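Peer 1: sequence and predicted structure, then a few things I'm wondering about:
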Amino acid sequence: MHITAADASRLIVLLVCCAAAIAAKGTTPHIRDIFIGRCEYFKRFGLDASSFASFLDCNSTWNAFFRAFAFKQHCDVELDAFDSFYTITKQKVPTGKSTFWSGTQALSQLFASDGLRAYTIRQTFMGFLVDELTWCGSSTDSSGLNFTYCPSFNENDCSNQAMASFWGGASKQFALQSTGSVYLLLNGSRGSRPAFVNTSFFGLYELPNLSLDQNEKVQILIANTLGMTPNENCDTGSLVTLKERLTSRGLQYSCEDNPPILKYMLCALAENPTSFRECQFASDRGSLVTHVNLLFLLFVCFIIVVLH
């Protein structure tokens, strides 16, 4: 069989892509370098970094993170394994700026606007260091890391998965560090999935660590996926359960269905926003509030572009 140069090139590309896909299943390559680079960046430019991070040693911070899971089986990392790391990276979130989310990851990041409006866990020091990275340990590899395979969060036979334990503990710390009113962004149009799930990270780790002593109110914002019919709102379904849990903890709450600012942000995230009825704003032109919100969103986007 004759293989042309073009065929060979396509084969090489295919092999490279396959190798990358396999590597992506394990610990992120060069994770230590990425971690320390992010640490040094955050010390200089991170949100509120001058108050706590400027004096930190990034190598010591990495070692505290690494020791929590390295040389361990990937399903044998307890929730408290990262406690030393949490202590080093402890950060008080500015009052009234904490944002929790479930089923709205991309939207919550846009809502937070890199800390201009609010903070999600990914804007904090502990979250920023490992955001979008993958890691797990190996008891046989000399590096202590498994670069071939890390189990996913939802594998039933892996209750102490390294990343799940990290984000569970980090979620608890984020809630404990939050003061004043907090935001909670949920998705009211997830098909058969409820907006609030008792076993979500918010339900398991964040809600139980919000307290009447520190938190004045939980401001619930329900977003609706573009083009989908909402199956839950502030007064139905899982939101009733959520309100009961908040009330049992003595926490005040408010709830708003599909507020305009979230609708605009969803349209900004959409690949083809003009194809959605919700993104046709002609009928809103008479609303001063609508214009103010839209202008604010455009201003935030401009600031983010400038800063980056």
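Peer 2: The structure has been received and is ready for your questions.

Peer 1: number of nearby residues for F153?
Peer 2: For F153, the count of nearby residues is 11 (other CB atoms under 10 Å). (Glycine included, C-beta is placed from N, CA and C.)

Peer 1: helix, strand or coil for it?
Peer 2: Of the three states, F153 takes coil according to DSSP: H, G, I helix; E, B strand; the rest coil.

Peer 1: do R38 as well
Peer 2: Recorded secondary structure, R38: helix (three-state DSSP).

Peer 1: now it: closest residue in space, sequence neighbours ignored.
Peer 2: In space, and not counting its chain neighbours, R38 is closest to L129: 5.2 Å by CB to CB, 6 or more residues apart in numbering.

Peer 1: residue contacts, the one you found?
Peer 2: F35, R38, C39, F42, T61, F65, T89 (CB atoms under 8 Å, 6 or more residues apart in numbering).

Peer 1: could you say which helix or strand holds F85?
Peer 2: Under the criterion of DSSP states H and E, F85 resides in helix 83-88.

Peer 1: just the strands in the stretch 101-250 of the chain please.
Peer 2: 182-187, 217-223 (DSSP state E, counting those that start in this stretch).

Peer 1: strand partners (parallel or antiparallel) of the shortest one?
Peer 2: Each strand that strand 182-187 pairs with, and the sense of that pairing, follows from DSSP bridges: strand 99-102 (parallel), strand 217-223 (parallel).

Peer 1: tell me which residues are up against it.
Peer 2: By CB under 8 Å, 6+ apart, the residues outside strand 182-187 that reach it are 96, 98-104, 107-108, 111, 118, 195-196, 202, 210, 215, 217-225, 239, 262.

Peer 1: so how do I select the buried members of those residues in ChimeraX?
Peer 2: Here is the ChimeraX command that selects only those of those that count as buried (16 or more other CB atoms under 10 Å):
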select :96,98,99,100,101,102,103,104,107,108,111,118,195,196,202,210,215,218,219,220,221,222,223,224,225,239,262
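
Peer 1: tell me how many other residues surround G144.
Peer 2: By other CB under 10 Å, neighbour count at G144 equals 16.

Peer 1: R67 too?
Peer 2: Per other CB under 10 Å, the neighbour tally for R67 reads 15.

Peer 1: try the one 3 residues further on
Peer 2: A70 is flanked by 21 other residues according to other CB under 10 Å.

Peer 1: repeat for the one 5 residues further on
Peer 2: C75 is flanked by 17 other residues according to other CB under 10 Å.

Peer 1: so A268 touches L110, yeah?
Peer 2: Yes - assessed by CB atoms under 8 Å, A268 is found in contact with L110 at 6.9 Å.

Peer 1: between those two, who's got more neighbours?
Peer 2: Neighbour totals were compared for A268 and L110, and L110 leads with 20 against 14 (other CB under 10 Å).

Peer 1: right, so of the strands paired with strand 182-187, which gets closest to G144?
Peer 2: Across the strands paired with strand 182-187, G144 has its closest neighbour in strand 99-102 (32.4 Å, CB to CB).

Peer 1: any idea how far that closest one is from the chain center?
Peer 2: Here strand 99-102 is found 8 Å from its chain centre; the criterion is CA atoms, centre = their mean, to the nearest Å.

Peer 1: repeat for stretch 187-194
Peer 2: 19 Å.

Peer 1: now tabulate the strands paired with strand 182-187 in JSON lines and tack on distance to S178 and mean pLDDT.
Peer 2: Shown next, in JSON lines, are the strands paired with strand 182-187 (distance: least, CB to CB, whole Å; pLDDT from 0 to 100):
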{"stretch": "strand 99-102", "distance to S178": "8", "mean pLDDT": "96"}
{"stretch": "strand 217-223", "distance to S178": "10", "mean pLDDT": "97"}
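
Peer 1: that's all I had, so thanks and see you.
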